[in-house]
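Visitor: Mind folding the following:
(2 chains)
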Amino acid sequence: ETGVTQTPRHLVMGMTNKKSLKCEQHLGHNAMYWYKQSAKKPLELMFVYNFKEQTENNSVPSRFSPECPNSSHLFLHLHTLQPEDSALYLCASSQEAPGDYGYTFGSGTRLTVV
Amino acid sequence: GDSVTQMEGPVTLSEEAFLTINCTYTATGYPSLFWYVQYPGEGLQLLLKATKADDKGSNKGFEATYRKETTSFHLEKGSVQVSDSAVYFCALSGGSQGNLIFGKGTKLSVKP
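Guide: Predicted coordinates for the structure are as follows:
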């Protein structure tokens, strides 16, 4: 148990489905992140939230929609995905300024789009 | 922009062999440097870190020294075990928000 919990661990969805990924942390952190991890590619930062406010969106397609209702919870809403969106989606959290402490990651959601 | 370059894998070693995974970085300013490890089916775990030049981070027998003159943060372990088999990521805190920027990862396989 890392302190960051992601559900579900595995998800298979069709291209016309709508689903949501959930991330929860009780570490007292104020920043939360979504990363995409695909085979043979570097980790891709998708979204950053600081004190519930989105501070970074790295040109992510609109079929991915994040939501951060409070500092402990982060969601990633998915709709009309493409097969190339299949990947491991990692959530992380940190103090407001992560430089000296790094991030705490969840175990990820393995997403397969069929 | 800021970036991290780490050696391509996979790296295959026998148990008790010496390990080095090279990592170099490009950054403006003075970033903190990190090594993360990802075991199969898991997320990333912080292995060690260093926050300023000449600092040495260490954990579980792994070490890395922040070398500003060579912009490097190489990971070393004197005697690897089968349980060290994993993917290792080098990272720095950079960008305008101080977010972590990761290398591509190096897969290590240790054979008995």
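Visitor: Number of residues surrounding the residue nearest to A:Thr80 when sequence neighbours are not counted?
Guide: Distances taken as Cβ to Cβ, 6 or more residues apart in numbering or on different chains place A:Arg63 nearest to A:Thr80, at 5.2 Å, with adjacent residues excluded. Where C-beta positions appear, they are placed from N, C-alpha and C, glycine not excepted. A:Arg63: 14 surrounding residues under other Cβ atoms under 10 Å in any protein chain shown.
Visitor: show me the contacts for A:Arg63.
Guide: Residues near A:Arg63 by Cβ atoms under 8 Å, 6 or more residues apart in numbering or on different chains: A:78-82, A:85.
Visitor: Reformat those into JSON lines and put secondary structure and pLDDT next to each item.
Guide: Putting the contacts of A:Arg63 into JSON lines (DSSP: H, G, I helix; E, B strand; the rest coil; pLDDT from 0 to 100) gives the following:
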{"residue": "A:Leu78", "secondary structure": "strand", "pLDDT": "96"}
{"residue": "A:His79", "secondary structure": "strand", "pLDDT": "94"}
{"residue": "A:Thr80", "secondary structure": "coil", "pLDDT": "94"}
{"residue": "A:Leu81", "secondary structure": "coil", "pLDDT": "94"}
{"residue": "A:Gln82", "secondary structure": "coil", "pLDDT": "94"}
{"residue": "A:Asp85", "secondary structure": "helix", "pLDDT": "95"}
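Visitor: Quickly find the element holding A:Tyr33.
Guide: Assessed by DSSP states H and E, A:Tyr33 sits inside strand A:31-37.
Visitor: Whether that strand contacts chain B - can you check?
Guide: Yes: using Cβ under 8 Å from any Cβ of the partner chain, strand A:31-37 reaches chain B at A:Tyr33.
Visitor: got a list of contacts for that strand?
Guide: Taking Cβ under 8 Å, 6+ apart as the rule, strand A:31-37 contacts A:23, A:25, A:43-51, A:66, A:68, A:71, A:74, A:76, A:87-96, A:98, A:103, A:108, B:99.
Visitor: Now that strand - C-alpha only, CSV.
Guide: Extracted in CSV, the C-alpha atoms of strand A:31-37 (Å, rounded to 0.1, in the frame of the first residue of the first chain):
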residue,chain,number,x,y,z
ALA,A,31,-1.0,18.3,-5.8
MET,A,32,-2.2,15.3,-7.9
TYR,A,33,-1.2,14.1,-11.3
TRP,A,34,-2.2,11.9,-14.2
TYR,A,35,0.5,10.1,-16.2
LYS,A,36,0.2,7.8,-19.2
GLN,A,37,2.6,5.0,-19.5
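Visitor: which stretches of chain B aren't confidently modelled?
Guide: Applying pLDDT under 70 to chain B flags residues B:95-96.
Visitor: Once you drop chain neighbours, what's closest to A:Thr5?
Guide: Spatial nearest neighbour of A:Thr5, excluding adjacent residues (Cβ to Cβ, 6+ apart): A:Glu24 at 4.9 Å.
Visitor: Using the three-state scheme, assign B:Pro31.
Guide: coil (DSSP: H, G, I helix; E, B strand; the rest coil).
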